[in-house]
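**Student:** Got a predicted structure here, sequence first:
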Amino acid sequence: MTDLVMIFKALSDETRLRIIKLLEQGELCVCDITAALDMVQPKVSFHLSALKEAGLIKDRKQGKWIHYSLNEKDLFRRMLILSACERMQDNTISGDRKRLDAFLGSKDGGKVVELQSKSRCCG
């Protein structure tokens, strides 16, 4: 029962649902998610930690970068995620996807780019 409670707690936050929705299209770096949500990195990392703790996402380290993707090992969890995310307002998700597409397009062919915060992003 504790697992189920953790899952629902993780899914009870709109930002976390937005992250799940972005990860539906595949693996993303923290900087990708930060750009898509137009949020600061510490806030995004906080939400990613909650999703990971609930077992909804997994991470993969590549050098100093951490990439996140949906944890698809458990079909029941996957169905819960999709069900919750489908209820979100399309305008919010549409805006997130547009910002993500613009950010990914600005990565200049996979090279590291400077962000507004002057931090460097994965390539």
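**Tutor:** Arrived safely, thanks for sending. Numbering: from 1, shown residues only.
**Student:** secondary structure element for D96?
**Tutor:** helix 90-105 (DSSP states H and E).
**Student:** buried set for that helix?
**Tutor:** Of the residues in helix 90-105, 93, 96, 99-100, 103 count as buried by neighbour count, 16 or more other C-beta atoms under 10 Å. The way it works is simple: take the backbone N, C-alpha and C, and place the C-beta from them, glycine included.
**Student:** Mind putting those into TSV with distance to C31 and pLDDT?
**Tutor:** Listed next are the buried residues of helix 90-105 as TSV, based on distance: C-beta to C-beta, whole Å; pLDDT from 0 to 100:
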residue	distance to C31	pLDDT
I93	20	79
D96	14	87
R99	12	89
L100	11	89
F103	8	87
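**Student:** From S45, how far out is the residue most central in space within the chain?
**Tutor:** The residue lying closest to the centre of the chain (C-alpha atoms, centre = their mean) is I19, at 3.4 Å. Using C-beta to C-beta, to the nearest Å, one gets 11 Å for the distance from I19 to S45.
**Student:** now I33
**Tutor:** 9 Å.
**Student:** More neighbours: these two, which one.
**Tutor:** Neighbour count, other C-beta atoms under 10 Å: between I33 and S45, I33 has more, with 24 against 15.
**Student:** Identify the residues contacting the more buried one.
**Tutor:** By C-beta atoms under 8 Å, 6 or more residues apart in numbering, the residues touching I33 are 19, 22, 44, 48, 68, 100.
**Student:** for those residues, which one is nearest I7?
**Tutor:** I19 (14.3 Å; C-beta to C-beta).
**Student:** Do I have it right that that closest one meets S49?
**Tutor:** No - with contacts counted by C-beta atoms under 8 Å, I19 stays clear of S49, the gap being 11.1 Å.
**Student:** on that earlier part again, now the common contact residues for I33 and S45.
**Tutor:** Residues touching both I33 and S45 (C-beta under 8 Å, 6+ apart): there are none.
**Student:** so after the helix or strand harbouring K21, what's the next helix or strand?
**Tutor:** Assessed by DSSP H and E, K21 sits inside helix 14-23. Next along the chain after helix 14-23, taking DSSP H and E as the criterion, comes strand 28-29.
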